[in-house]
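Student: Requesting a structural model of the entry that follows:
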Amino acid sequence: MPAVPLLSVDLLADKNRKPAALLLGIGDGAPGLLQPLLEQEDFVQLAQRFPCLAYRPGLAAEMASALAAAGCTLVEPEVILHADAACAPGLPPQVRWLAGRWYLAPPAKPGRGQAASRALALQLVQLVSADADTHEIEAVLRRDPALSYHLLRLVNSLGMGMSRQITSFAQAILILGRAQLRRWLNLMLFSARSGDERSPMLLARVAVRARLMELLARETGLDKSGQETAFMAGMFSLLGILFGMPLEEVLRPLKISDHLMGALLRHEGDVGRLLTLVEAAERSELDVLAAGLAAVPVAHTDFNLLIVQAHLWMLDVVRESGGGAHA
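Tutor: Numbering: from 1, shown residues only. Okay, the predicted model is just below:
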């Protein structure tokens, strides 16, 4: 029986270094078996909300027609520049999008305000993880106007059906709940900071990684606690890149569980195995990914849908942060 091709998705930036499009790649297999995915509501919604591109050269006519019908745009290679290191501002005239791992390069030395803001966000993550008193969390929030603003904005937007707006940190924390507060704080670590052009793309990348980890955990039968651990592993796994420090050093003050630490630093256990899968998918190492999915096991059809759903979730995160060009 022919194999369903694996879908690869590469996040592209525009000239302002903000998330602007998705470049789709098709792995080995029978291209026609991707047709059901392209007709899925989630895929249609993704293509409607965010530009989805595919390279025209080398694409079979049947696949090209199916992608175009699903709302994707076929492009020539010269309109996308691939860079794995920091590059000069702007893009050549013929280039519309920037691909590659440039935003995973070590950061420029952050300004004092930027470093302080991220340090406070990391302190908040530690307090929430330790189930600290609300007053302790409030005291730290009051020291960062940007974090405070984004928290109240988020909770007010979630409380549209309420009779009054939320105006205090205690109310915001109560309504959002500790679990959601922890997730939000993790994302805010990566949100845009002046002077770090990597921030919008890092936020989008970590949002996809964390959500895909969570969805895979559910797909492979992990319980709610395991799913939350998988999400946290996805979030924490890029902290070393964010801070330009060894991951172990960044994680040390957080007092996280040995299970989560083993998954992050040594890819151990069920969650570590999922992290290996997601990292292979990000690098478009589809042979490695296919072998890993067979071992879990997760069907190619299911994984393709999960990766679409993770990118849909990312669009909501990026839109809330104001960090995307089209989201």
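Student: would you list every one of the strands in this structure?
Tutor: 7-13, 19-26, 52-55, 73-75, 80-82, 97-99 (DSSP state E).
Student: Nearest to A310 among these would be which one?
Tutor: strand 7-13 (8.8 Å; C-beta to C-beta). (C-beta placed from N, C-alpha, C; glycine too.)
Student: coming back round to it: among the strands of the chain, single out whichever gets nearest to E136.
Tutor: Per C-beta to C-beta, nearest to E136 of these: strand 19-26, 34.2 Å.
Student: re earlier: right, and the strands of the chain - which one's nearest V208?
Tutor: Using C-beta to C-beta, the nearest of these to V208 is strand 7-13, at 7.4 Å.
Student: Which strands and helices lie in contact with that closest one?
Tutor: Helices and strands touching strand 7-13, by 3 or more C-beta pairs under 8 Å, 6 or more residues apart in numbering; DSSP states H and E, are strand 19-26, strand 97-99, helix 199-219, helix 300-321.
Student: which residues in the stretch 1-150 of the chain form helices?
Tutor: For the stretch 1-150 of the chain, applying DSSP state H, counting those that start in this stretch gives helices covering 35-38, 41-49, 61-69, 112-129, 134-141, 145-158.
Student: CSV for these, including mean pLDDT?
Tutor: As requested, the helices of the stretch 1-150 of the chain are exported to CSV (pLDDT from 0 to 100):
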stretch, mean pLDDT
helix 35-38, 94
helix 41-49, 96
helix 61-69, 90
helix 112-129, 72
helix 134-141, 83
helix 145-158, 69
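Student: Any stretches of this structure with poor pLDDT?
Tutor: In the predicted model of the chain, residues 1-2, 108-117, 144-146, 149, 152-153, 156-168, 192-195, 254-255, 320-327 satisfy pLDDT under 70.
Student: Break it down into its domains, please.
Tutor: With domains defined by automatic domain parsing, the chain comprises 7-104, 109-195.
Student: Turn those domains into TSV, including mean neighbour count.
Tutor: Compiled in TSV, the domains of the chain are given as follows (neighbours: other C-beta atoms under 10 Å):
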stretch	mean neighbour count
domain 7-104	16
domain 109-195	16
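Student: closest one to T220 among the ones you listed?
Tutor: Here domain 7-104 is closest among the domains of the chain (C-beta to C-beta), at 18.7 Å.
Student: how distant is the closest one from the center of its chain?
Tutor: 16 Å (C-alpha atoms, centre = their mean, to the nearest Å).
Student: Quick one: end-to-end distance for that domain.
Tutor: 22 Å (C-alpha to C-alpha, to the nearest Å).
Student: OK, contacts around E214?
Tutor: Q227, E228, A230, F231, G234 (C-beta atoms under 8 Å, 6 or more residues apart in numbering).
Student: can I get the residues you listed in CSV with neighbour count and distance to F243?
Tutor: Shown next, in CSV, are those (neighbours: other C-beta atoms under 10 Å; distance: C-beta to C-beta, whole Å):
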residue, neighbour count, distance to F243
Q227, 19, 26
E228, 16, 23
A230, 29, 22
F231, 23, 20
G234, 28, 17
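Student: Identify the residue nearest M63 in space, chain neighbours excluded?
Tutor: Counting by C-beta to C-beta, 6 or more residues apart in numbering, M63 lies nearest to P31, which is 4.2 Å off, once chain neighbours are set aside.
Student: Was I right to think the one you found contacts A60?
Tutor: Yes - counting by C-beta atoms under 8 Å, P31 does reach A60; the two are 5.5 Å apart.
Student: between the two, what contacts are shared?
Tutor: Common neighbours of P31 and A60 (C-beta under 8 Å, 6+ apart) do not exist.
Student: can I get the helices of the stretch 1-150 of the chain in CSV with distance to E219?
Tutor: What follows is the helices of the stretch 1-150 of the chain, written out as CSV (distance: least, C-beta to C-beta, whole Å):
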stretch, distance to E219
helix 35-38, 15
helix 41-49, 14
helix 61-69, 25
helix 112-129, 26
helix 134-141, 33
helix 145-158, 27
